[in-house]
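Visitor: show me the folded form of this:
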Amino acid sequence: MHLPPELPRRALIPLMVPPVTLEGHGVRLEPLRSGHAGALAALCEDTVFEFTTQVLRTQADLEGYIAAALKGAEQGTEQPFLIRGLDTGEPLGTTRYMAISRHDRTLEIGHTWLARPAWRTHVNTACKYLLLGHAFETLQVMRVQLKTDQRNARSRAAIERIGAKFEGILRHHMLVRDGVVRDTAYYSLLDTEWPEAKARLEERLRRE
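Guide: The predicted structure follows:
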């Protein structure tokens, strides 16, 4: 008789994601605050938000965006960050842990947007390296999810370069601005896959 393979197990310890500052490889991720709205508003261009669910243009837009993120932090489902360049100290964008599941020890990295000068630089790679390292090595999560608009080739390529595995397309996943129906591409990285992905990211950071 063939017995089914034994399923993997993880400790049943609730996941806690407190505010933290992460720093390295030329970037600093610090807890997002309402006072960051003005500086972030200065970075906003429509092209930055071409495939996002929300377009941010004014300081009022940013204030609402940050307020929603901080509410998620209070509820324990999100932990938002300001991205800052270490060399200049200037804000470069935002990112966050989201969809945090305390019971399942999983989370998502999302709401990442960067000012145009940071595109095609080391910044996104460095941010993902810091966030993934903290998630797997300190928080001990078992799965990190990433998702993006199916049409966003640049974002999908960046996710795939990390080593995240494509899981499929969630069709008609959400209504975004102007009533556009969005299909969403889902990716994930598991704790067992992190060592290989970490080595890949470190090699990219050395080259970049």
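Visitor: residue contacts, A158?
Guide: Counting by C-beta atoms under 8 Å, 6 or more residues apart in numbering, A158 touches N124. Every C-beta, even on glycine, is put in place using the N, C-alpha and C of the backbone.
Visitor: list the buried residues for the helix or strand bottoming out on mean pLDDT in the chain?
Guide: Lowest on mean pLDDT, DSSP states H and E among the helices and strands of the chain sits helix 153-162, with a mean of 92. Using 16 or more other C-beta atoms under 10 Å as the test for burial, helix 153-162 gives S155, R156, A158, I159, I162.
Visitor: which strands or helices does whichever helix or strand comes after it pack on?
Guide: Downstream of helix 153-162, the first helix or strand assigned by DSSP states H and E is strand 165-175. Judged by 3 or more C-beta pairs under 8 Å, 6 or more residues apart in numbering; DSSP states H and E, strand 165-175 is in contact with strand 181-190.
Visitor: contacts for the strand it packs on?
Guide: 53, 132, 142-150, 152, 156, 159-160, 162-176, 197.
Visitor: please pick the buried ones from those.
Guide: By 16+ other C-beta under 10 Å, those give 132, 142-150, 152, 156, 159, 162-164, 173, 176, 197 as buried.
Visitor: how much space between the residue nearest to W194 when sequence neighbours are not counted and H173?
Guide: Using C-beta to C-beta, 6 or more residues apart in numbering and skipping the chain neighbours, the partner closest in space to W194 is F136 (4.4 Å). F136 sits at a distance of 26 Å from H173 (criterion: C-beta to C-beta, to the nearest Å).
Visitor: cool, and Q145?
Guide: 13 Å.
Visitor: OK, contacts around the residue nearest in space to the middle of the chain?
Guide: Nearest residue to the geometric centre of the chain (C-alpha atoms, centre = their mean): I109, 2.7 Å. Contacts for I109 (C-beta under 8 Å, 6+ apart) come out as T95, R96, Y97, M98, K128, L131, L132, A135, V144, Q145, L146.
Visitor: one more time with 7 Å, if that's ok
Guide: Neighbouring residues of I109 by C-beta atoms under 7 Å, 6 or more residues apart in numbering: T95, Y97, L131, V144, L146.
Visitor: swap in A67?
Guide: S34.
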